[in-house]
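> Test case, fold it:
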Amino acid sequence: MNTSKRVHFIAIGGSVMHNLAISLSQSGYEVTGSDDEIFEPSLSKLKAHGLLPEQLGWFPEKITSDVDQVIVGMHAKADNPELMKAIELGIKIYSFPEYIYEFSKDKQRVVIAGSHGKTTITAMVMHVLKYYNRKFDYLVGAQIEGFDTMVKLSDDAPLIIIEGDEYPTSPLDKTPKFLHYKHHIGVISGIAWDHVNVYPSFDEYVRQFELFADATPKGGIIIFNENDDLASFICKEMKNDVQRIEYQPHKNEIINGVTYLLTDYGKIPIKYFGKHNMRNTSAALKVCTKIGITEAMFYKAIQSFKGAANRLEVINKNYSTIVFKDFAHAPSKVKATTNAVKKQYERKELVAVLELHTYSSLTRDFLSQYRDSMKAVDIAIVYYNPENFNHKNLTPFSPAEVLNAFNHPTLKVFTDSSELENFLLNIEWSNKNLLIMTSGNFGGIDVRKLASQIVEG
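Numbers count the residues shown, from 1 in each chain. A predicted model of the protein is given here:
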């Protein structure tokens, strides 16, 4: 680990970047940073820790010879003036994945990858380790109950649990983030094409996971979803000096709206649900048994796990209606999430609203990937903001094209957030659940306020 003490963050407002900055500051590092835009919750958290830049923008004068290290986020451009100054002065520059590895190179590294489920699997493992007061560091892509930040780095933890994504590392390095962590134990939860702005072909996307699997060291472990054809094919073809462990959805049953894990220790009640999460549970169990947690210990701890923020999160409810919020945006995630809610509450109608917000979801040639993804939904709704086509420099598509792509008989498409909000407020909500799926903000709709209005009716 590098013990240099003055660190400057370029693009400090990023979800991982601001958490890493807070973690280093709490460990005694002198931390500064810049960004040209900072949104909540990053803004409030940086302010609370005295790390919020006084002005938005890039200020090369902040980069002086007494800065020991610069950490650059993906939001920064390759010609960023602060980055150019750091290069000119010969200051050591890291992307955050490179820095995480540098800090943890003497620790056991568990890296959880996959197109979907990786945040939840990481959160489950973290929850179990915390339950037993184990010392560990971590990096996770969502806020987890019981953890103040999404990143923790310490000198004495022998282990680090990392959510590893396949998105490029930085403006200077297009390597997928998860390749930098150099895992000892790796997980591939599943592979479904995403990030078409970076991986324009399906084969290119899949190749990143092949590289991840191939990076498993001699004597290392790769854990994979046996039901995912691509993950299974990649991992079963690996060299024999790697331990290959496969998993399937955990056996379970639903009784009166509560899911129970079926185990050798009896029926274990849990606070989450869905086939996708049963796979996540099995993956987390396999990881935990390789880092000193027995099956019995795992089942005891997992009963209190509630899930990660924005992953089938209950944001409000009453006696007949539950409002869920989920990060789902890719087709495979939309299908898995809608199926999970419908199966858990079969006797209730499901109203689901999806925002097309990411680069992939707003790409016309990718739209067909959503076909039948909302098949389980009774009242299906898609929203997108036409202004985002300009922001992302994409060719616009029409509501009619969305209707055709999704192939849902009752699908409604909105491009005006106020019209969407009015439509939802005028639904008769008795015996209906609402599932809100987005990685955006529905054109400024306050979804928590909306949920409150719906359930308090």
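> who's in contact with the nearest residue to Phe178 once chain neighbours are set aside?
In space, and not counting its chain neighbours, Phe178 is closest to Gly164: 3.1 Å by CB to CB, 6 or more residues apart in numbering. (Each C-beta comes from the backbone N, C-alpha and C, glycine too.) By CB atoms under 8 Å, 6 or more residues apart in numbering, the contact list for Gly164 reads Val111, Ile112, Ala113, Lys118, Lys177, Phe178, Tyr181, His183, Phe212.
> can the residues you listed go into CSV with extra columns for pLDDT, neighbour count and distance to Ile322?
Output for those, formatted as CSV (pLDDT from 0 to 100; neighbours: other CB atoms under 10 Å; distance: CB to CB, whole Å):
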residue, pLDDT, neighbour count, distance to Ile322
Val111, 98, 27, 34
Ile112, 98, 31, 28
Ala113, 98, 31, 31
Lys118, 94, 26, 25
Lys177, 95, 26, 34
Phe178, 97, 28, 34
Tyr181, 98, 25, 37
His183, 98, 25, 37
Phe212, 97, 24, 36
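> Could you list which of these belong to helices?
Of the positions in those, Lys118, Lys177, Phe178, Phe212 sit in helices, assigned by DSSP state H.
> closest to Leu350 among the residues you listed?
Leu350 has its nearest neighbour among these in Lys118, at 25.3 Å by CB to CB.
> elements contacting the helix or strand harbouring Ile87?
Element membership for Ile87 (DSSP states H and E) is helix 81-89. Here helix 81-89 touches strand 6-10, strand 69-72, strand 92-95, going by 3 or more CB pairs under 8 Å, 6 or more residues apart in numbering; DSSP states H and E.
> Nearest to Leu420, out of those?
For the helices and strands packed on helix 81-89, proximity to Leu420 was assessed by CB to CB; strand 6-10 is nearest, at 36.4 Å.
> got the CA positions of whichever helix or strand comes after that closest one in CSV?
Sequence-wise, the next helix or strand downstream of strand 6-10 (DSSP H and E) is helix 15-26. Backbone C-alpha positions of helix 15-26 (Å, rounded to 0.1, in the frame of the first residue of the first chain) are rendered in CSV as follows:
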residue,chain,number,x,y,z
SER,A,15,-20.7,7.7,-6.8
VAL,A,16,-17.6,5.7,-6.0
MET,A,17,-15.2,8.6,-6.2
HIS,A,18,-16.8,10.6,-3.4
ASN,A,19,-17.1,7.6,-1.2
LEU,A,20,-13.4,6.8,-1.8
ALA,A,21,-12.5,10.4,-1.0
ILE,A,22,-14.5,10.2,2.3
SER,A,23,-12.9,6.9,3.2
LEU,A,24,-9.3,8.2,2.7
SER,A,25,-10.1,11.4,4.5
GLN,A,26,-11.3,9.4,7.5
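> now for helix 15-26, which elements pack on it?
Helix 15-26 sits against strand 6-10, strand 30-34, helix 42-48, helix 96-104, strand 151-152, with contacts defined as 3+ CB pairs under 8 Å, 6+ apart.
> Reformat the contacts of Gly164 as a markdown table; add distance to Ser452.
Output for the contacts of Gly164, formatted as a markdown table (distance: CB to CB, whole Å):
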| residue | distance to Ser452 |
| --- | --- |
| Val111 | 39 |
| Ile112 | 34 |
| Ala113 | 37 |
| Lys118 | 31 |
| Lys177 | 37 |
| Phe178 | 38 |
| Tyr181 | 40 |
| His183 | 42 |
| Phe212 | 42 |
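> for those, which one is nearest Tyr29?
After measuring these against Tyr29 - CB to CB - the closest member comes out as Tyr181, at 20.8 Å.
> Val111 is in contact with the closest one, correct?
Yes - at 4.8 Å, Tyr181 counts as touching Val111 under the criterion of CB atoms under 8 Å.
> Please report how far the residue nearest to Gly444 when sequence neighbours are not counted lies from Lys325.
Excluding its sequence neighbours, the residue lying closest to Gly444 (CB to CB, 6+ apart) is Ser417, at 6.1 Å. According to CB to CB, to the nearest Å, Ser417 and Lys325 sit 16 Å apart.
> Pick out whichever of those two has more residues nearby.
A count of neighbours by other CB atoms under 10 Å puts Lys325 above the other of Ser417 and Lys325, at 21 against 16.
> Confirm that one sits in a strand?
Yes - counting by DSSP: H, G, I helix; E, B strand; the rest coil, Lys325 falls inside a strand.
> What does the pLDDT read for Asn19?
pLDDT recorded at Asn19 is 94.
> Would you enumerate the residues in contact with it?
Lys45, Thr149, Met150, Val151.
> how about a cut-off of 10 Å?
Asn19 makes contact with 42, 45-46, 96, 139-141, 143, 147-152 under the criterion CB atoms under 10 Å, 6 or more residues apart in numbering.
> same question, Tyr131
Gly146, Ile293, Met297, Phe298, Lys300, Ala301, Ile302, Gln303, Ser304, Phe305.
> Ok, Lys130 next?
Applying CB under 10 Å, 6+ apart, the residues near Lys130 are Phe136, Tyr138, Ile144, Gly146, Phe147, Ala301.
> biggest separation within those, which pair?
Checked with CB to CB, these reach their widest spread between Tyr138 and Ala301, with 15.7 Å between them.
> list the contacts for the nearest residue to Ile254 once chain neighbours are set aside?
The shortest distance from Ile254 to any residue that is not its chain neighbour, by CB to CB, 6+ apart, is 6.4 Å, and that residue is Gln344. Contact analysis of Gln344 by CB under 10 Å, 6+ apart lists Ile254, Gly257, Val258, Thr259, Tyr272, Phe273, Gly274, Lys275, Leu312, Ile322, Leu350, Asn433.
> pretty sure the third one is in contact with Ile270, am I right?
Looking back up the chat, that one is Val258. Yes - using CB atoms under 10 Å, Val258 is in contact with Ile270, at 8.1 Å.
> Between the two, which is the more surrounded one?
Comparing Val258 with Ile270 by other CB under 10 Å, the one with more neighbours is Ile270, at 21 against 13.
> what's the spacing between the more buried one and Ile315?
Ile270 sits 19 Å away from Ile315, going by CB to CB.
> Likewise for Val341?
Counting by CB to CB, the gap from Val341 to Ile315 is 13 Å.
> Which residues are in contact with each of the two?
Residues touching both Val341 and Ile315 by CB under 10 Å, 6+ apart: Ile322, Phe324, Leu434.
> Counting neighbours, which of the residues you listed comes out on top?
Ranked by the number of neighbours (other CB under 10 Å), these place Leu434 first, at 28 neighbours.
> which helices and strands sit right next to the lowest-mean-pLDDT helix or strand in the chain?
Lowest by mean pLDDT, DSSP states H and E among the helices and strands of the chain is strand 168-170, with a mean of 86. Judged by 3 or more CB pairs under 10 Å, 6 or more residues apart in numbering; DSSP states H and E, strand 168-170 is in contact with strand 69-72, strand 92-95, helix 96-104, strand 173-176, helix 177-180.
> Residues contacting that strand, please?
Contact with strand 168-170 is made by 10-11, 71-76, 78, 83, 93-98, 174-180, 195, 198-199, 208, as judged by CB under 10 Å, 6+ apart.
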